[in-house]
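**Student:** take this sequence and fold it.
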Amino acid sequence: MTGDLSRHDLLSQGRAVLDWIAEYLEHPERYPVLSDMKPGEVRDSLPSMPPDRAEPLEEILEDFREKILPGITHWNHPSFFAYFATSSSVPGILAEMLSATLDVKAMLWRTSPAATELEQLVTDWLRQMLGLGDGWFGMTTDTASMSSMLALAAAREARPELAIRERGMAGRTDLPRLRVYASEHAHSSIDKAALALGLGLDNVVHIAADDEFRMRPDALGAAIAADRQRGYLPMACVATVGTTSTSSIDPVPAIAEICRGESVWLHVDGAYGGVLAIVPENRYLLDGVDAGADSLVVNPHKWLFTPFDCSVLYVRRPEILKRAFSLVPEYLVTREQDSVVNYMDYGVQLGRRFRALKLWMVIRAFGVEGLIERLREHRSIAQALAGWIEGAPDWELAAPVPFSLVCFRYAPRGLSAAEQDRRNEQIMHEVNASGGMFISHTKLSGRFTLRLSIGNIRTEEGHVAAAWNRLQAAAKSAAVTRPAE
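**Tutor:** Modelled structure (predicted):
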C-alpha cells in the first residue's frame with residue numbers, strides 16, 4: 001500500500017488527539033511538572049530497531065501516553081516556574097496544526113506569498129504594539145540566540161571595509177580584533193554568537209554591572225576607550241531588557257548615546273522583557289531603542305503565549321543584514337525578486353517555518369487588550385510573591401522585580417553564606433522533587449539564588465501561593481536535615 005494514511009485515520013485519531021490536548025490543557029496538574037525519569041530510561045523502554053511493518057496510530061498514541069509522557073518536563077504546566085516560564089495557547093496550537101498541514105517553506109515570496117506577506121504584516125503589528133516608530137524591518141527566527149547572532153553578523157557587515165563577506169577572517173593579518181560588549185549578566189547566546197561568527201570568546205567584553213545588575217555605562221565607555229588604545233575595533237554592544245538571571249534592565253538610552261558617539265552597532269536583547277512594552281505603563285522599557293538601537297529581538301514564544309519557536313528580530317538597516325547573507329543560486333532566481341522580500345536573503349536558513357501564522361492567530365484571538373491584561377496579571381502575581389518574601393522572617397529578595405521573575409533566598413541569621421547557599425540548593429531540590437512545581441536557580445554576587453518565573457497563560461495566584469507554601473515547608477525541612485558534606 002502506498003500514499004498517506006486515510007481520511008478515516010486522520011479524523012478518528014485526530015479527534016482523539018484533540019480530546020487529549022483539551023483534557024491536558026484543562027487539567028495539567030495531573031502531571032508532575034519535572035520528569036523524574038533516570039538517564040536512558042525512556043530510550044530503554046522503546047525498541048532499539050525501527051519497525052518493518054506499519055503500526056496502528058492507536059498503538060503509537062498509546063506509547064506516547066505510556067512511555068513518552070513520563071519523560072516530559074511539562075513546560076506548559078501552570079506551576080512551571082523555572083528559567084523563563086512559557087506557554088502554548090489554544091490559538092497558537094491550532095495555528096501549529098494548520099502550519100504543519102500546509103508544510104510551507106517560507107524562503108522565497110514565490111514559495112508562498114501569504115507566508116511572506118503575513119510575516120511582514122504581523123511583525124509590523126508587533127512593532128506597533130511595542131510602541132516603536134516606523135522604519136524597522138521585522139522577521140521571525142527560531143530563537144533569540146539566532147536573532148542575536150544575525151544582528152552581530154549585520155554589525156560586522158556594517159563595516160564593509162573589512163571585506164569579511166568576500167575574504168573571511170581566517171589567516172588575515174590585516175584585520176584588527178573585533179570587539180563585542182555586553183553586561184556581565186548578558187545571555188550566553190552572545191558568547192555563542194561570537195563563537196559561531198569567528199570573533200572568539202576573548203573578544204566578548206563583559207561589562208561590570210551596578211548594584212541592581214544593570215550594565216554600567218561608565219564601564220562601557222572605559223572599555224571601548226581602552227580597546228581603541230590597543231588598536232582593537234569596537235564593533236557591537238548588546239544591551240539587555242530583562243536579563244536571564246535577574247530580569248534587570250540595562251540603561252539603553254545612556255548606552256545608545258555611547259554607541260552612537262563611537263559608531264558601535266547597538267543590539268537590544270529584549271527576548272524576555274521586551275514584550276512587556278505592549279503594556280502602556282511599561283512602554284518606557286524600550287526607551288532609547290527608536291533613537292539609538294540598530295537591532296532588537298523580542299520573543300513572543302517567551303511571554304506572549306505563542307508556541308515555541310517564534311523569535312522576532314528587528315533591524316533598522318535591513319540592507320546590511322541582506323548584504324551579510326544574501327546568496328541566490330540560479331535555481332532560486334525569480335522574476336519578482338527585486339520587488340519583493342525573500343526572507344531567505346536575511347539569514348543563514350533557506351527553508352523557514354510559517355511562524356507568522358501562529359503569532360497572527362494569537363494576536364487576533366486575544367486582541368491587544370487581552371494580551372495586555374494577561375501580562376499585567378502576571379506582573380501583579382510576581383509583586384504579590386515579592387511582598388510575601390519581604391514580609392517573611394529569614395527570607396530576602398535578591399534583586400528588583402520589574403517583570404514577572406522573582407529572585408530570592410532563604411537567609412536565616414546565624415548561618416554562614418556557604419551554609420545558606422547549601423540550604424537554598426536543598427530547598428530547590430526538595431520542591432522540584434515534589435512534582436508539584438519546578439523552579440531554577442542562578443548565582444548573584446557569588447551567592448546561590450532561587451528564581452521563580454511566572455509566564456504561563458494558565459498560571460493563577462493560587463499556583464504561586466502553593467509554590468510559596470512548599471518553599472517555606474522545604475525551608476523548615478532543610479533546617480532539620482542537612483545534606484551530606
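**Student:** from here on, contacts and neighbour counts on C-alpha atoms
**Tutor:** OK.
**Student:** how about the strands in the stretch 351-485 of the chain?
**Tutor:** In the stretch 351-485 of the chain, the strands defined using DSSP state E, counting those that start in this stretch lie at 395-397, 405-410, 440-444, 447-453.
**Student:** out of those, deepest packed?
**Tutor:** Ranked by mean neighbour count, the strands of the stretch 351-485 of the chain are led by strand 405-410 with a mean of 25 (mean count of other CA atoms under 10 Å).
**Student:** quick one, domains of the protein?
**Tutor:** The chain resolves into domains spanning 105-353, 362-480 when parsed by automatic domain parsing.
**Student:** quick one: mean pLDDT over the last one.
**Tutor:** The reference is to domain 362-480. What domain 362-480 shows for mean pLDDT is 96.
**Student:** try the first one
**Tutor:** Within the predicted structure, the mean pLDDT of domain 105-353 is 96.
**Student:** W75 is nearest to which of the domains of the chain?
**Tutor:** domain 362-480 (8.6 Å; CA to CA).
**Student:** excluding sequence neighbours, find me the nearest residue to R423.
**Tutor:** A478 (6.0 Å; CA to CA, 6 or more residues apart in numbering).
**Student:** hmm, I427 and that neighbour touching each other?
**Tutor:** Yes - assessed by CA atoms under 8 Å, A478 is found in contact with I427 at 6.5 Å.
**Student:** could you check which of these two has the larger neighbour count?
**Tutor:** I427 (25 against 18; other CA atoms under 10 Å).
**Student:** how about the contacts made by that one?
**Tutor:** By CA atoms under 8 Å, 6 or more residues apart in numbering, I427 lies in contact with 471, 474-475, 478.
**Student:** out of these, give me the one that has the most neighbours.
**Tutor:** A475 (24 neighbours).
**Student:** can you pull the contacts of that residue?
**Tutor:** Per CA under 8 Å, 6+ apart, neighbours of A475: 410, 423-424, 427.
**Student:** rewinding a little: distance to V33 added to the domains of the chain, as a markdown table?
**Tutor:** Formatted as a markdown table, the domains of the chain follow (distance: least, CA to CA, whole Å):
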| stretch | distance to V33 |
| --- | --- |
| domain 105-353 | 18 |
| domain 362-480 | 5 |
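**Student:** minimum distance to G71: which of those domains has it?
**Tutor:** For the domains of the chain, the distance to G71 is smallest for domain 362-480, at 12.8 Å, taking CA to CA.
**Student:** strands along the stretch 151-300 of the chain, start to end?
**Tutor:** Using DSSP E, counting those that start in this stretch, strands in the stretch 151-300 of the chain cover 178-183, 204-207, 233-240, 265-269, 295-298.
**Student:** centre of the chain to the second one, how far?
**Tutor:** Taking CA atoms, centre = their mean, to the nearest Å, one finds strand 204-207 lying 21 Å from the centre of the chain it belongs to.
**Student:** now for that strand, which elements pack on it?
**Tutor:** strand 178-183, helix 217-230 (3 or more CA pairs under 8 Å, 6 or more residues apart in numbering; DSSP states H and E).
**Student:** to G242, which of the ones you listed lies closest?
**Tutor:** It's strand 178-183; of these, that one is closest to G242 (CA to CA) at 11.7 Å.
**Student:** listing partners with orientation, what would you give for the closest one?
**Tutor:** Counting by DSSP bridges, the strands paired with strand 178-183 are strand 204-207 (parallel), strand 233-240 (parallel).
**Student:** hey, which of the ones you listed is tucked in deepest?
**Tutor:** strand 233-240 (a mean of 25).
**Student:** tell me the one of the contacts of A475 nearest A384?
**Tutor:** The closest of the contacts of A475, once distances to A384 are taken by CA to CA, is Y410, at 17.4 Å.
**Student:** residue contacts, that closest one?
**Tutor:** Taking CA under 8 Å, 6+ apart, we find Y410 in contact with 394-396, 420, 423-424, 475.
**Student:** picking that back up, adding distance to D345, write the strands paired with strand 178-183 out as CSV.
**Tutor:** Shown next, in CSV, are the strands paired with strand 178-183 (distance: least, CA to CA, whole Å):
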stretch, distance to D345
strand 204-207, 27
strand 233-240, 22
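**Student:** how about the contacts of Y410 in CSV, adding distance to E336?
**Tutor:** Output for the contacts of Y410, formatted as CSV (distance: CA to CA, whole Å):
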residue, distance to E336
D394, 67
W395, 63
E396, 61
Q420, 64
R423, 64
N424, 60
A475, 65
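**Student:** identify, from those, the entry nearest to R376.
**Tutor:** Nearest to R376 among the contacts of Y410, with distances taken as CA to CA, is E396, at 23.8 Å.
**Student:** for L415, see how far away the closest one is.
**Tutor:** 14 Å (CA to CA, to the nearest Å).
**Student:** next: A22.
**Tutor:** 48 Å.
**Student:** before we move on, what about L350?
**Tutor:** 56 Å.
**Student:** same question for S148.
**Tutor:** Noted for S148: a distance of 42 Å to L415, by CA to CA.
**Student:** name the residue in the two with the higher neighbour count.
**Tutor:** The residue with more neighbours, out of S148 and L415, is S148; 24 against 11, by other CA under 10 Å.
**Student:** helix, strand, or coil at the more buried one?
**Tutor:** State at S148, reduced to three classes by DSSP: H, G, I helix; E, B strand; the rest coil: helix.
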